[in-house]
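K.L.:
Any chance you can model this:
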Amino acid sequence: MNSKTYTRLVLNEDGGDFYQRVMEHEGDAVWMEDNASYHASKMTTAHRQALGIITLEWPAQSPDLNPIENLWRIMKLRISKRRHRIHNIQEMEAVLREEWDKLTPGDWKKVVLSFAKRCAECVKNKGGATHY
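P.N.:
I've put the predicted structure just below:
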């Protein structure tokens, strides 16, 4: 992944529109990214600013507390049950899309509501690893 690909595939294709829909519906939104170089680049930063996307600032070398990581784990577990039936990249892409579409509001709510506990455990562990 690089800045050009990230802005094209994530911010332009769905991310920017999704962010705007959340803003219109909720009145507020914050875009969460980690400190990957393509998230922090001048190009990506300028692109987000042009789209009006407000981001949550993360300190350098911070643990990844983004709830999306927990959703990736849910998907990984679900996909691993089907791995013996995946034989090529096209099948993998289809399975990824199917499992993403199967995520429920309950799945999303669970990972978002765990955020406070994850932060507290991170503080308790002085920035070290958590069991999440």
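K.L.:
Could you chop the protein up by domain?
P.N.:
According to automatic domain parsing, the chain is divided into the following domains: 3-51, 68-124.
K.L.:
closest to Trp58 out of those?
P.N.:
Nearest to Trp58 among those is domain 3-51 (5.6 Å), distances taken as C-beta to C-beta. For the C-beta atoms, the positions are set from N, CA and C on the backbone; glycine is no exception.
K.L.:
which of the domains of the chain is buried the deepest?
P.N.:
Among those, domain 3-51 has the highest mean neighbour count (mean count of other C-beta atoms under 10 Å), at a mean of 14.
K.L.:
For this structure, give me the ranges with low pLDDT.
P.N.:
Low-confidence segments of the chain, defined by pLDDT under 70, span residues 59-64, 132.
K.L.:
which stretches of it form helices?
P.N.:
Assigned by DSSP state H, the chain shows helices spanning 3-6, 16-26, 37-40, 42-51, 68-80, 89-102, 105-113, 115-124.
K.L.:
between the second one and helix 42-51, how many degrees?
P.N.:
Between the axis of helix 16-26 and that of helix 42-51 there is an angle of 40 degrees, by axes from the mean of the first three to the mean of the last three C-alpha atoms, to 10 degrees.
K.L.:
for the longest one, same thing?
P.N.:
Orientation of helix 89-102 against helix 42-51 (the same axes, to 10 degrees) gives an angle of 40 degrees.
K.L.:
Output the contacting helices and strands for helix 89-102.
P.N.:
Applying 3 or more C-beta pairs under 8 Å, 6 or more residues apart in numbering; DSSP states H and E, we find helix 89-102 packed against helix 68-80.
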